[in-house]
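Novice: A structural model of the following input is requested.
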Amino acid sequence: MTRGARVITVLLSGLMLLGGGFMAIAQDTKVQEDKKARLENEIRIIDRQLRDVSSRSASATSKLTLLRKQISNRKALIQESDKDIRSLNRQITEKNKEVAIIQGRLDTLSVHYTRLVRSAYKNRDSRVWYMYVLASDNVSQAFRRIGYLKNMSSQMDVQARKIREAKAKLEEETAKLTELRDQARELRRKRQEEMNSLQKEETQSDKIVRDLQRQKSQYQKELAAKRKQVEALNREIERIIREATRGTSTGKGGKSKTVVDEALNAQFAQNKGKLPWPADGPVVDKFGQHYHPVYKNVKLPFNNGIGIALAPGTKVQAVFDGVVKQIVVMPGYNQCVLVQHGNYFSFYCKLSSVNVKSGDKVKTGQVIGTVDTISGETQLHFQIWNKTTPQNPELWLK
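Specialist: You can find the predicted model right below:
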């Protein structure tokens, strides 16, 4: 490879790296903006729910769960705001430097232009110019003096143009600087609002904790009632699954059904971590075994699914193609739609209305119902099962 070719290769590599760097920065900015938008949306949803549960007879534990999720979201949003403020401060510093450089250049141009104007002013009488040319020793010197005079005029025009351009650039960059400062000021104002809200929520959370510590016997009654509802739902789900999977062996009689089920089952399994959310909202009730946030030695009922906080009237969608096996009404959960996907099942509970009936085939993203508001809580209870084993839905959703 020749030296010239090597230089070109190095330059091209540098440009590619530079372009990649710009793309990475743009992607990081997009990710950060998306995260902030998600947090702001979740905060709006939970704010609404906190107002609703405060005006109704919701349990103190439910309020505490919402508050703690909200506190977590606000802290995360404040962290994102801090990142934005630091980024804006860096931009403001750089923009200040740019403005100072342009101002310095403008000052230098103005000094040079002033000198030219003074020189022209001293010799403003055209007779002086004529005498200056006529006093030449020879024709060659006369032409040089004529060229000098023309050049002075041209220089004045050039300097005037450069000054106009520098002033325009200075105004443009100063306007950008003002905009950046305004953005930083607004961000700091919003951050302070979030901090004020955070402090209020932490105070409310502490009060609920103190109240719960004094009301353990009352809570134990609520917990017993909740445990009965959860157990009843789980028994019903297991019953429906057993009925749905009965007769799906590879025998001759069920061959065609088994092929369809297995194909759908494989497709569902391949989409682990890629399934769309049944509705867009924050997860306020996690899958699995948890302990009470105040009574640390008290186990909560095992959660076979997740609770997604939603705005009232939110439509709930199927996460994958399947067949509606059954629609049931359960205490504490209202209407529940159970959809089969081969050996996998998805369950959508706490619905006020449903748009499907048993036996219907549903497609991914199809609306199957509307979320209900129960005791001030507008939350979808969502589960995924593989045969009779509950799965963590968050591992399946994208």
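
Novice: number of nearby residues for Val157?
Specialist: One correction, residue 157 is Asp, not Val. Neighbourhood size, Asp157 [other CB atoms under 10 Å]: 10. C-beta coordinates here come from the backbone N, C-alpha and C atoms, glycine included.

Novice: Tell me the helix or strand right after the biggest helix by length in the chain.
Specialist: Across the chain, the longest stretch assigned as helix under DSSP state H is helix 139-214. Beyond helix 139-214 in the direction of the C-terminus, DSSP states H and E gives the next helix or strand as helix 216-245.

Novice: same for that next one, what does it pack against?
Specialist: Secondary-structure packing of helix 216-245 (3 or more CB pairs under 8 Å, 6 or more residues apart in numbering; DSSP states H and E): helix 60-122, strand 322-330, strand 334-341, strand 344-354, strand 377-386.

Novice: looking at these, which is closest to Tyr295?
Specialist: Nearest to Tyr295, of all those, is helix 60-122, at 9.6 Å by CB to CB.

Novice: Which strands or helices does the closest one pack on?
Specialist: Packing partners of helix 60-122 (3+ CB pairs under 8 Å, 6+ apart): helix 3-55, helix 139-214, helix 216-245, strand 283-285.

Novice: Can you check the pLDDT for Leu397?
Specialist: Leu397 is assigned 97 on the pLDDT scale.

Novice: nope, Asn41 is what I meant
Specialist: pLDDT for Asn41: 89.

Novice: gap between it and Met195?
Specialist: Look at Asn41 and Met195: by CB to CB, to the nearest Å, they are 20 Å apart.

Novice: one step back: and among the helices and strands packed on helix 60-122, the most buried is which?
Specialist: Mean neighbour count (mean count of other CB atoms under 10 Å) peaks for strand 283-285 among the helices and strands packed on helix 60-122, with a mean of 20.

Novice: which residues touch the helix or strand following that strand?
Specialist: With elements assigned by DSSP H and E, the helix or strand that comes after strand 283-285 is strand 305-309. Defining contact as CB atoms under 8 Å, 6 or more residues apart in numbering, one finds that strand 305-309 is touched by 42, 45-46, 49, 66, 69, 277-279, 281-287, 347, 349, 377-384, 390, 392-394.

Novice: Using neighbour counts, trim those residues to the buried set.
Specialist: 42, 45-46, 49, 66, 69, 277-279, 281-287, 347, 349, 377-384, 390, 392-393 (16 or more other CB atoms under 10 Å).

Novice: looking at the helices and strands packed on helix 60-122, which is closest to Gln91?
Specialist: With CB to CB as the measure, helix 139-214 is the member of the helices and strands packed on helix 60-122 nearest Gln91 (5.4 Å).

Novice: Check which helices and strands the closest one sits against.
Specialist: Counting by 3+ CB pairs under 8 Å, 6+ apart, helix 139-214 packs on helix 60-122, helix 126-134.

Novice: Flag the shaky bits of the chain, pLDDT-wise.
Specialist: For the chain, the stretches with pLDDT under 70 are 1-28, 54-58, 113, 116-156, 247-260.

Novice: can you list the domain ranges for it.
Specialist: Per automatic domain parsing, the domain ranges recorded for the chain read 27-199, 215-396.

Novice: Tabulate those in a markdown table, adding columns for distance to Val209.
Specialist: Formatted as a markdown table, the domains of the chain follow (distance: least, CB to CB, whole Å):
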| stretch | distance to Val209 |
| --- | --- |
| domain 27-199 | 7 |
| domain 215-396 | 5 |
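
Novice: So for Ser205, which of these sits nearest?
Specialist: Per CB to CB, nearest to Ser205 of these: domain 27-199, 4.6 Å.

Novice: what's the angle from the longest helix of the chain to helix 60-122?
Specialist: Orientation check (axes from the mean of the first three to the mean of the last three CA atoms, to 10 degrees): helix 139-214 against helix 60-122 gives 170 degrees.

Novice: For Glu262, which residues are in contact?
Specialist: Applying CB under 8 Å, 6+ apart to Glu262 gives the contacts Gly342.

Novice: Please renumber the chain so that the first residue is 122 from this point on.
Specialist: Taking 122 as the first residue, the last one we looked at is Glu383.

Novice: ok, now how distant is it from Thr366?
Specialist: Counting by CB to CB, the gap from Glu383 to Thr366 is 12 Å.
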